[in-house]
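Enquirer: Structure of the sequence below:
(one chain, ligands or ions: 1)
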Amino acid sequence: MPPTDIPTFAASQLSLLDAELRAELSETSALASQSSPTALARAGVAILNLQISSQRTGLGGKTVIDLELDPAVGGGDIPEHGIRVGDIVGVQEQVGGSAKKREKAEVKAKGVAGVVLKVTSAGVAVALDREEVEVPAGKLWLIKLANDVTYKRMTQTMTRLQNFKEAEYTPFVRVLFGLSFPSPVPQNLSDPEHGLDNIAWIDPSLNDSQKDAIRFALLSKEMALIHGPPGTGKTHTLIELVLQMLKQNLRLLVCGPSNIAVDNIVERLAPHRVPIVRLGHPARLLPSVLNHSLDVLTRTSDAGALVQDVRKEMDEKQASIRKTRNGRERRAIYGELKELRKEYRERERGCVDNLVRGSKVVLATLHGAGGFHLKNQEFDVVIIDEASQALEAQCWVPLLAAKKVVLAGDHLQLPPTIKSLNSKAKSSKEAKEDEVVENMTLETTLFDRLLALHGPSIKRILTTQYRMHENIMAFPSKELYEGKLVAADAVKARLLKDLPYKVKDTEDSREPVVFWDTQGGDFPEKTEDEEFGKKAGKGMSLGESKSNELEAALVKLHVRNLVDAGVRAEDIAVVTPYNAQLAVLSQLLKEAFPGIELGSVDGFQGREKEAVIVSLVRSNPEHEVGFLGEKRRLNVAMTRPKRHLCVIGDSETVGRGSSFLKRWTAFLEETADLRYPNASDLQDLA
Ligand SMILES: Nc1ncnc2c1ncn2[C@@H]1O[C@H](COP(=O)(O)OP(=O)(O)OP(=O)(O)O)[C@@H](O)[C@H]1O
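Expert: Have a look, this model is predicted:
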């Protein structure tokens with residue numbers, strides 16, 4: 001692949017991001033602008049009739065308000081809603097008057113914005129944005145707002161890159177766009193000459209491919225890709241890499257596309273007692289990592305004592321506001337509070353700066369790395385986990401000032417979810433002008449692009465997997481990972497019947513792979529219409545989704561057989577690519593088997609279960625398979641189980657979908673325990 005022109009690349013990213021943001025906003029704002037508060041509450045994105053039960057200064061000096069249901073409307077538990085911790089919400093006054101007038105005024109009324117800190121059945125706690133001082137009084141309502149912070153950060157980053165002067169093209173930037181070759185990395189990594197022959201491994205159980213990847217990442221000058229197929233200990237490897245880099249006295253910024261990806265690393269680094277700071281809103285962090293959160297450290301460290309003095313004063317003032325009825329007095333207190341907040345912020349900034357500067361490892365989400373905390377901070381290496389799940393523009397947020405990057409991911413699993421359909425539509429004229437950039441979509445990750453640009457010599461693959469029985473692993477290994485995967489001894493022959501609790505030896509519990517072949521046309525798929533979509537519940541965009549009721553009944557039969565054998569429902573997951581099928585499965589299985597997990601394939605990426613049933617759904621005379629044709633989706637589906645994979649599908653339809661599907665069906669027919677169900681036996685289960 002030829003080098004990429006940086007301004008053209010940035011311009012293309014900016015237009016793709018713009019289309020994506022518009023697609024995302026149109027979903028949420030269409031609802032908010034066209035609907036009344038009551039309708040919004042019904043849709044699960046608003047809560048009405050609230051009042052403030054208490055107010056305090058929370059983490060990071062933010063005003064925290066606790067909201068509960070107004071006793072005037074009966075108090076008690078808040079009705080069912082879809083607002084979650086970490087969501088950005090608006091808190092607004094609920095206006096009185098006639099129903100119609102009220103609803104109009106409420107939608108227009110301005111309120112304060114904040115982040116949801118806690119949700120219980122009886123209330124919601126919201127940490128208001130620091131700028132907001134005055135809290136609306138009286139009866140309030142809360143509405144979920146669209147979150148465009150990530151886009152703003154990506155757009156700012158791409159605009160900066162677009163305007164880079166040639167002089168700003170550091171050797172690192174040049175390599176990442178193919179304007180220079182990467183510095184060569186020696187072939188024999190453990191040659192004593194490089195000083196890495198005798199590494200004192202913190203975890204001596206690392207396998208050879210993991211050690212090799214770590215040596216490679218230590219020796220590479222500008223970039224290293226660690227390719228971690230399912231269950232191969234990618235994060236495990238990154239932890240050792242971080243510890244080894246710290247031994248070399250390097251300063252690191254460790255990022256991931258989601259809070260959970262970052263917290264996963266914090267949790268695993270913490271026991272090694274290295275000084276780490278986790279940036280990010282405390283509401284969005286796992287409770288187990290809060291002790292490392294910058295906000296909490298600001299409160300608990302010695303340096304934080306000075307900040308606390310001001311905070312105490314602020315709390316007292318906040319409390320006095322609530323006791324004051326007189327408007328003028330209230331305003332005066334708000335004025336004083338504003339001054340105190342300014343001082344608080346100054347002291348806090350000093351304290352934060354000291355904490356961040358003193359920390360050898362800083363962890364943040366990719367977009368979180370674009371906040372003011374990291375302005376002018378320098379790092380020797382930026383490490384990005386789950387890099388093939390991140391948009392390239394997102395990766396550039398921490399990379400603009402970087403000198404070296406280590407990316408870990410698996411480009412053969414699903415890329416980040418994209419909403420804008422037109423991200424792929426390009427005119428042929430433009431395509432000729434610059435093939436490389438014009439062929440790029442938002443789905444093209446930095447991981448993909450670097451591989452295409454520099455070839456496989458910039459990556460190392462992890463080859464021992466610690467999840468799947470070797471029969472489950474066989475097909476994805478051969479098809480996608482060049483046959484390189486090896487199942488670790490501890491897992492390669494594990495079956496359900498060997499679970500550490502009592503499971504009977506049955507035809508299911510002794511089989512690693514089962515294929516229920518529904519061929520013959522008796523298990524037809526159904527295209528779901530809009531009406532069904534509404535019934536299926538909130539948050540499900542079914543569009544042109546498909547379902548297959550008899551296949552769902554077969555899933556139920558198989559789950560029942562497993563449970564009867566003694567397998568716990570919590571150890572079973574059912575995954576399907578179609579939301580409409582998920583809705584059918586929910587109705588059929590949720591109550592019957594409490595604890596069972598049901599999910600879309602896309603949503604189950606990164607997860608694992610002892611037994612996984614995959615419902616493929618598609619069965620039609622035209623042999624159409626839709627997005628089952630995407631092999632990265634199938635790869636995710638078939639690599640979730642540890643001991644038992646059960647595939648349910650129509651070999652006649654699926655087997656003719658794509659060459660990959662054809663080979664998979666042939667593989668299942670040859671190696672799986674093959675079963676042919678009888679549709680008429682299943683009618684009463686559906
Ligand atoms: N060298 C090793 N020896 C023994 N177990 C290991 C080794 N490396 C990783 N594991 C185990 O393999 C499992 C998967 O590891 P980890 O969570 O790091 O994988 P991952 O590749 O990041 O996962 P995913 O496939 O979900 O992306 C964990 O239970 C981990 O303890």
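Enquirer: From the contact counts, what lies against whatever helix or strand Phe9 lives in?
Expert: Element membership for Phe9, per DSSP states H and E: helix 6-34. Other elements packing on helix 6-34 under the criterion 3 or more CB pairs under 8 Å, 6 or more residues apart in numbering; DSSP states H and E are helix 149-162, helix 392-399, helix 435-438. To be clear about C-beta, it is placed using only N, CA and C from the backbone, and glycine gets the same treatment.
Enquirer: The longest one packs against which elements?
Expert: This points to helix 149-162. For helix 149-162, the elements it packs on are helix 6-34, helix 392-399, judged by 3+ CB pairs under 8 Å, 6+ apart.
Enquirer: Nearest to the ligand, out of those?
Expert: The closest of the helices and strands packed on helix 149-162 to the ligand is helix 392-399. By CB to the nearest ligand atom, the value is 17.5 Å.
Enquirer: tilt between the closest one and helix 6-34?
Expert: For helix 392-399 against helix 6-34, the angle between stretch directions is 110 degrees (axes from the mean of the first three to the mean of the last three CA atoms, to 10 degrees).
Enquirer: what's the least confident stretch among the helices and strands packed on helix 149-162?
Expert: Note on the helices and strands packed on helix 149-162: lowest mean pLDDT is at helix 6-34, with a mean of 81.
Enquirer: about what we covered before: sort out which residues of the helix or strand that the helix holding Phe9 is followed by are buried, please.
Expert: Tracing the chain past helix 6-34, the next element assigned as helix or strand by DSSP H and E is helix 37-42. Going by neighbour count (16 or more other CB atoms under 10 Å), the buried part of helix 37-42 is 37, 40-41.
Enquirer: next one: stretch 246-265
Expert: Here stretch 246-265 shows 246, 250-259, 261-265 as buried, counting by 16+ other CB under 10 Å.
Enquirer: Please report how far Pro401 lies from His367.
Expert: Actually, residue 401 is Ala. It isn't Pro. 15 Å (CB to CB, to the nearest Å).
Enquirer: For the two, indicate the residue with more neighbours.
Expert: A direct count of neighbours by other CB atoms under 10 Å for Ala401 and His367 places His367 higher, at 23 against 16.
Enquirer: thinking again about what came up before, out of the helices and strands packed on helix 149-162, the one nearest Leu161 is which?
Expert: helix 6-34 (4.5 Å; CB to CB).
Enquirer: tell me how far that closest one is from the chain's mean position?
Expert: Relative to its parent chain, helix 6-34 has a centroid offset of 19 Å by CA atoms, centre = their mean, to the nearest Å.
Enquirer: that older thread, most tightly packed of the helices and strands packed on helix 149-162?
Expert: Across the helices and strands packed on helix 149-162, averaging neighbours per residue (mean count of other CB atoms under 10 Å) puts helix 392-399 on top, at a mean of 26.
Enquirer: What lies in contact with it?
Expert: 13, 17, 150, 153-155, 157-158, 161, 176, 253, 255, 257, 364, 366-367, 369-370, 374, 382, 384, 387, 405, 407, 442, 444-446, 449 (CB atoms under 8 Å, 6 or more residues apart in numbering).
Enquirer: Please spell out which residues along the next helix or strand after that helix are buried.
Expert: Later in the chain than helix 392-399, the nearest helix or strand by DSSP H and E is strand 405-409. Burial within strand 405-409, assessed by neighbour count using 16+ other CB under 10 Å, is assigned to 405-409.
Enquirer: Which other helices and strands does strand 405-409 contact?
Expert: strand 223-227, helix 234-247, strand 381-384, helix 446-454.
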